[in-house]
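Engineer: here are the coordinates; sequence isn't available:
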């Protein structure tokens, strides 16, 4: 990616599989550089007095302008995506006004998003942002438009450039699997909720939202650690595991592998989400994923048996990918 802004967002397969390293781009350790992440607006082509935070999301730099200190703090420290300002402008600029719902930026909504607008560098006009796609990252804007397929999944990175997707419905155990793998030292966690599959290159990105840790019916947001070797980079999918929770599984911990592409597609389809890619690209990209990597289903027990099932079946798979 060039240092100058380009409205033609491109990620080659070579760039896409090379993970970001903090010491290559600047000498400051990331935790010290975070103080330089936000600052007064210096968009270069427009004098906008609103402060901003730069986030690196799915290969592009998005500059979020907001005057709300709480939203600034959440963008800067709650997401494992904040980067020190290193360019006069960004690939796309997003403005969050007082009525913007920051906690809904990563979700789709029925209508236009109140208080959320975007513009491209060189364009002085702010435009309304459609709500049918997330605004974090802003998938309806030109740098991202029409190329991503979203999956409801966690993204584990056991080795540079290698990714394991853990899919599942709500409360299936994706967050438990992600935090267990991280705590066991088996993988870094790029996301526990939203994975973006690039329909042009086949690489995947995690949207590094805080992990939603459940305790009964309560949910606590826990920011993912900012692991410089993985959290900002792309990776190639190496395998997919779909968690199937069962209250009384007949074969607890049983894992099965899709026998062919059609079976793998039938398992994956309910975990696909609209990321802006055309129906044709969505079908092609998901089919390529199903044909290129093994797709497994793991029947898991309720907590605490879930952890034993993960240790028995996910651990060997992650260790294989580390090699």
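Structural biologist: In hand now; what should we look at? Here the structure is a predicted model, which means the values were calculated and not measured. Numbers count the residues shown, from 1 in each chain.
Engineer: residue 240 and residue 297 touch, don't they?
Structural biologist: No. Using CB atoms under 8 Å, residue 240 makes no contact with residue 297, being 9.4 Å away. To be clear about C-beta, it is placed using only N, CA and C from the backbone, and glycine gets the same treatment.
Engineer: what sits in contact with each of these two?
Structural biologist: Taking CB atoms under 8 Å, 6 or more residues apart in numbering as the contact criterion, no residue touches both residue 240 and residue 297.
Engineer: which of those two has more neighbours?
Structural biologist: residue 240 (25 against 19; other CB atoms under 10 Å).
Engineer: for this protein, longest strand please?
Structural biologist: For the chain, the strand reaching the highest residue count under DSSP state E is reported as strand 148-159.
Engineer: could you pull out the helices in this protein for me?
Structural biologist: 13-16, 22-25, 30-33, 69-73, 174-183, 261-268, 279-292, 305-309, 315-322 (DSSP state H).
Engineer: can you lay out the ones you listed as CSV showing mean pLDDT and distance to residue 195?
Structural biologist: Formatted as CSV, the helices of the chain follow (pLDDT from 0 to 100; distance: least, CB to CB, whole Å):
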stretch, mean pLDDT, distance to residue 195
helix 13-16, 34, 14
helix 22-25, 33, 23
helix 30-33, 36, 23
helix 69-73, 94, 25
helix 174-183, 92, 10
helix 261-268, 95, 12
helix 279-292, 92, 11
helix 305-309, 88, 21
helix 315-322, 86, 16
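Engineer: dump the ones you listed to a markdown table, plus mean neighbour count and distance to residue 143.
Structural biologist: Compiled in a markdown table, these are given as follows (neighbours: other CB atoms under 10 Å; distance: least, CB to CB, whole Å):
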| stretch | mean neighbour count | distance to residue 143 |
| --- | --- | --- |
| helix 13-16 | 14 | 15 |
| helix 22-25 | 13 | 20 |
| helix 30-33 | 14 | 24 |
| helix 69-73 | 14 | 22 |
| helix 174-183 | 21 | 27 |
| helix 261-268 | 17 | 27 |
| helix 279-292 | 16 | 16 |
| helix 305-309 | 17 | 39 |
| helix 315-322 | 15 | 30 |
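Engineer: can I get these in CSV with distance to residue 125?
Structural biologist: Conversion of the helices of the chain to CSV gives the following (distance: least, CB to CB, whole Å):
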stretch, distance to residue 125
helix 13-16, 31
helix 22-25, 32
helix 30-33, 32
helix 69-73, 23
helix 174-183, 40
helix 261-268, 40
helix 279-292, 29
helix 305-309, 50
helix 315-322, 46
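Engineer: right, and those helices - which one's nearest residue 79?
Structural biologist: Residue 79 sits nearest to helix 69-73 of all the helices of the chain, at 10.7 Å, using CB to CB.
Engineer: outside of the closest one, which residues touch it?
Structural biologist: With CB under 8 Å, 6+ apart as the test, helix 69-73 has contacts from 38, 51, 53, 66, 96, 100, 102.
Engineer: rerun that using 7 Å as the cut-off
Structural biologist: For helix 69-73, contacts defined as CB atoms under 7 Å, 6 or more residues apart in numbering pick out 38, 51, 53, 66, 96, 102.
Engineer: look up how far residue 131 lies from the nearest residue to the fifth one once chain neighbours are set aside.
Structural biologist: Spelled out, it's residue 96. Nearest residue to residue 96, sequence neighbours excluded (CB to CB, 6 or more residues apart in numbering): residue 66, at 4.1 Å. Shown here: residue 66 relative to residue 131, a distance of 18 Å by CB to CB, to the nearest Å.
Engineer: quick one on the thing from earlier: got CSV for the contacts of helix 69-73, with distance to residue 263 too?
Structural biologist: Shown next, in CSV, are the contacts of helix 69-73 (distance: CB to CB, whole Å):
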residue, distance to residue 263
38, 48
51, 51
53, 44
66, 46
96, 43
102, 40
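Engineer: contact partners for residue 197?
Structural biologist: 148, 149, 151, 204, 285, 289.
Engineer: again, only using 10 Å
Structural biologist: 147-151, 153, 165, 203-205, 237, 272, 275, 277, 281-282, 285-286, 288-289 (CB atoms under 10 Å, 6 or more residues apart in numbering).
Engineer: what's the span of stretch 224-244, first residue to last?
Structural biologist: 25 Å (CA to CA, to the nearest Å).
Engineer: now do stretch 109-126
Structural biologist: Terminal-residue distance, stretch 109-126 (CA to CA): 20 Å.
Engineer: for it, give the mean pLDDT please.
Structural biologist: Taken as a whole, stretch 109-126 carries a mean pLDDT of 90.
Engineer: show me how far it is from its chain's centre.
Structural biologist: On the basis of CA atoms, centre = their mean, to the nearest Å, stretch 109-126 sits 21 Å off its chain's mean C-alpha point.
Engineer: swap in stretch 266-286?
Structural biologist: On CA atoms, centre = their mean, the centre of stretch 266-286 falls 16 Å from the chain's centre.
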